[in-house]
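A.B. asks: What follows is a predicted structure for the sequence shown.
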Amino acid sequence: MTDRESMHHAVSRGWREMGTLLVHLARDLPPDARGTLVNQPPTRGSTVLFPTVADMNRNGTRRYDHEVIYGAMGTPIQHELEAAIAAVEGARHTQIVSSGLAACTTPLLAFLGKNGHCLIPDSVYGPTRRFANTVLRRFGVETTYYPPLTDAEGLRAMMRPNTQVVVAESPGSHTFEVQDIRMIADIAHEHGARLLLDNTWGVGIFRPFDHGVDIAVQALTKYPAGHSDSIIGAVSVADEQDWHVLRDTCIQLGQVAGPDDCWLTLRGLRTMGARLERQSRSAIDVALWLADRPEVARVLHPALPSCPGHAIWRRDFSGASSLFGVVFRPEYSQEAMVAMIDSLTLFGIGASWGGYESLVLPTTGGVVRTCAPDAPDCGPAFRLHIGLENPEDLIADLSAGLEVLTGAASYGD
Ligand SMILES: *Cc1c(COP(=O)(O)O)cnc(C)c1O
């Protein structure tokens, strides 16, 4: 194999391997001599009718079994999606919630209590940080931010007797540090805390429960839904008691997702392996091309040695997604980079990612870190999401964009 081929293999192997699972999971309907639809239609409903009061009472006690009791506790299409995501994550149970952010915040409410303490990586998704600093603080829960690449000794020193939850996110939002999840899990467990992992980047290519994670969350909005048209999330657990705590919290908070979003996500999930087999290869092509450019200081793609935690990615992941960061040399200004972004024709400017289309988002200025200031030798940065376009077209677009960057820089001199 050439270097390029082995790189393609390393980033796409897991996506290829999951194709069969994604096509066949949660479709085991009994055969019907009158014929069966490949995709079950979305089921809608609030009230569920029972023949007798005794039947209603009996069903009311089965809230942990994904029973259909009342629409606010989930409809059949939601339960189908829950079974599918549990299979992808390797979980015992999955609860679908209204958004990826709700997937992050709901288990924090479920597993943190009065006078508790939470450890969160400095590279966490911004709105999760805001939730910890506002809502959790208001309820008396303290948060400490830890460096995402901390060693065991450093993390142990931050654990407190009242630490109830350790959060991890790997790779980190915008800065892409790949975390040692097994080490973090072991330390959390030594201290009686649970490990919650935001596994949105690693869906399907990082099996959280094989690495000691207790609670894994997903923004299904991203690759699983895959078409930039749904907001939806999932929380998965391995332990039956944790499931009861999580499920009760979701019911009390009224956490559900609409049938259309569940249906769109199930439909998106069927092709996720094929989409990502292509997108992961295109992304590494674009990342390697950018890494060779003189304007670029660093490419933050977990499959490249220039990404912090790259060795852990090699050890733990069976592939890479198509989202990565690009840091320019310090001689280029934020304004020059913005001019480059504005000039791109194939990259949409917008938040979120995971759809079929390529996106670009400036990341300098808006990313909050408390542990370490930005490295002094770093210039402006953006994040790329690579979609299903021909990667050669994307590279041509970026190449023209770099001319705008360098032109804008010399104009400013
Ligand atoms: C997008 C994202 C979320 C939030 O998902 P929404 O569905 O947009 O609320 C949470 N965590 C990570 C890592 C994300 O990228």
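C.D. replies: Cool, got the structure.
A.B. asks: C-alpha from now on. contacts and neighbour counts both.
C.D. replies: Fine.
A.B. asks: Excluding chain neighbours, give the residue nearest to the residue in the stretch 51-200 of the chain that the ligand sits nearest to in space.
C.D. replies: Using CA to the nearest ligand atom, residue 100 is the residue of the stretch 51-200 of the chain that sits closest to the ligand, at 3.2 Å. In space, not counting the residues next to it along the chain, residue 100 is nearest to residue 219; the distance is 3.7 Å by CA to CA, 6 or more residues apart in numbering.
A.B. asks: now do the same end-to-end measure for stretch 87-100.
C.D. replies: 18 Å (CA to CA, to the nearest Å).
A.B. asks: residues making contact with it?
C.D. replies: In this structure, residues lying in contact with stretch 87-100 by CA atoms under 8 Å, 6 or more residues apart in numbering are 21-22, 25, 78, 81-83, 85-86, 103, 203-204, 207-209, 216-221, 231-240, 243, 247, 250, 255-258.
A.B. asks: can you rerun that using 6 Å?
C.D. replies: The set of residues external to stretch 87-100 that reach it, using CA atoms under 6 Å, 6 or more residues apart in numbering, is 82, 86, 204, 207, 218-219, 231-238, 255-257.
A.B. asks: Those residues also near the ligand: which ones?
C.D. replies: Checking the contacts of stretch 87-100 against the ligand by CA under 6 Å from any ligand atom, the ones in range are 219, 231, 232, 233.
A.B. asks: count of neighbours near the first one?
C.D. replies: Yep, that's residue 219 we're talking about. Burial of residue 219, expressed as a neighbour count using other CA atoms under 10 Å, amounts to 28.
A.B. asks: do the same with the third one
C.D. replies: Using other CA under 10 Å, residue 232 has 26 other residues around it.
A.B. asks: and the residue of the stretch 301-413 of the chain nearest the ligand?
C.D. replies: Closest residue of the stretch 301-413 of the chain to the ligand, CA to the nearest ligand atom: residue 352 (5.4 Å).
A.B. asks: Assign that residue to helix, strand or coil.
C.D. replies: Going by DSSP: H, G, I helix; E, B strand; the rest coil, the secondary structure assigned to residue 352 is coil.
A.B. asks: Can you check what pLDDT the model gives the residue of the stretch 201-350 of the chain found nearest the ligand?
C.D. replies: Residue nearest to the ligand within the stretch 201-350 of the chain: residue 219 (4.3 Å; CA to the nearest ligand atom). The predicted structure scores residue 219 at 98 on the pLDDT scale.
A.B. asks: tell me the contacts of it?
C.D. replies: With contacts taken as CA under 6 Å, 6+ apart, residue 219 has the following neighbours: 100, 200, 233.
A.B. asks: Also residue 43?
C.D. replies: Contacts of residue 43 were listed using CA under 6 Å, 6+ apart, and they are residue 77.
A.B. asks: How about residue 121?
C.D. replies: If a contact means CA under 6 Å, 6+ apart, then residue 121 has 145, 146, 147, 148 as its contacts.
A.B. asks: The last one is in what secondary structure piece?
C.D. replies: I take that to be residue 148. Residue 148 is located outside every helix and strand, with elements delineated by DSSP states H and E.
A.B. asks: ok, for it, nearest residue in space, not its chain neighbours?
C.D. replies: The shortest distance from residue 148 to any residue that is not its chain neighbour, by CA to CA, 6+ apart, is 5.0 Å, and that residue is residue 121.
A.B. asks: Quick check on the one you found: phi, psi?
C.D. replies: In terms of degrees, to the nearest 10, the main-chain angles of residue 121 are phi -70, psi 150.
A.B. asks: Ok, residue 193 next?
C.D. replies: phi -100, psi 160.
A.B. asks: need the contact list for it.
C.D. replies: 164, 165.
A.B. asks: Go again with 10 Å.
C.D. replies: Residue 193 makes contact with 111-112, 117-119, 159-166, 185-187, 214, according to CA atoms under 10 Å, 6 or more residues apart in numbering.
A.B. asks: Show me just the buried residues among these.
C.D. replies: For the contacts of residue 193, burial is judged from neighbour counts taken by 16 or more other CA atoms under 10 Å, and it is met by 111-112, 117-119, 159, 162-166, 185-187, 214.
A.B. asks: Which of these fall within helices?
C.D. replies: Among the buried ones among the contacts of residue 193, DSSP state H puts 111, 185, 186, 187 in helices.
A.B. asks: pretty sure the third one contacts residue 195?
C.D. replies: Yes: contact criterion CA atoms under 10 Å: residue 186 and residue 195 qualify, at 9.1 Å.
A.B. asks: what sits in contact with each of these two?
C.D. replies: Contacts common to residue 186 and residue 195, judged by CA under 10 Å, 6+ apart, are 212, 213.
A.B. asks: By mean pLDDT, which helix or strand of the protein comes out lowest?
C.D. replies: helix 53-60 (a mean of 85; mean pLDDT, DSSP states H and E).
A.B. asks: any idea which helix or strand comes after it?
C.D. replies: Heading C-terminal from helix 53-60, the first helix or strand you meet, by DSSP H and E, is helix 76-89.
A.B. asks: Give me the mean pLDDT for that following helix.
C.D. replies: Per-region confidence: helix 76-89 scores 96 on mean pLDDT.
A.B. asks: Then stretch 369-384?
C.D. replies: Stretch 369-384 comes out at a mean pLDDT of 76.
A.B. asks: start to end distance for that stretch?
C.D. replies: Between the opening and closing residues of stretch 369-384 there is a gap of 20 Å (CA to CA).
A.B. asks: what's the closest of the contacts of residue 219 to residue 301?
C.D. replies: The nearest member of those to residue 301, counting by CA to CA, is residue 200 at 15.4 Å.
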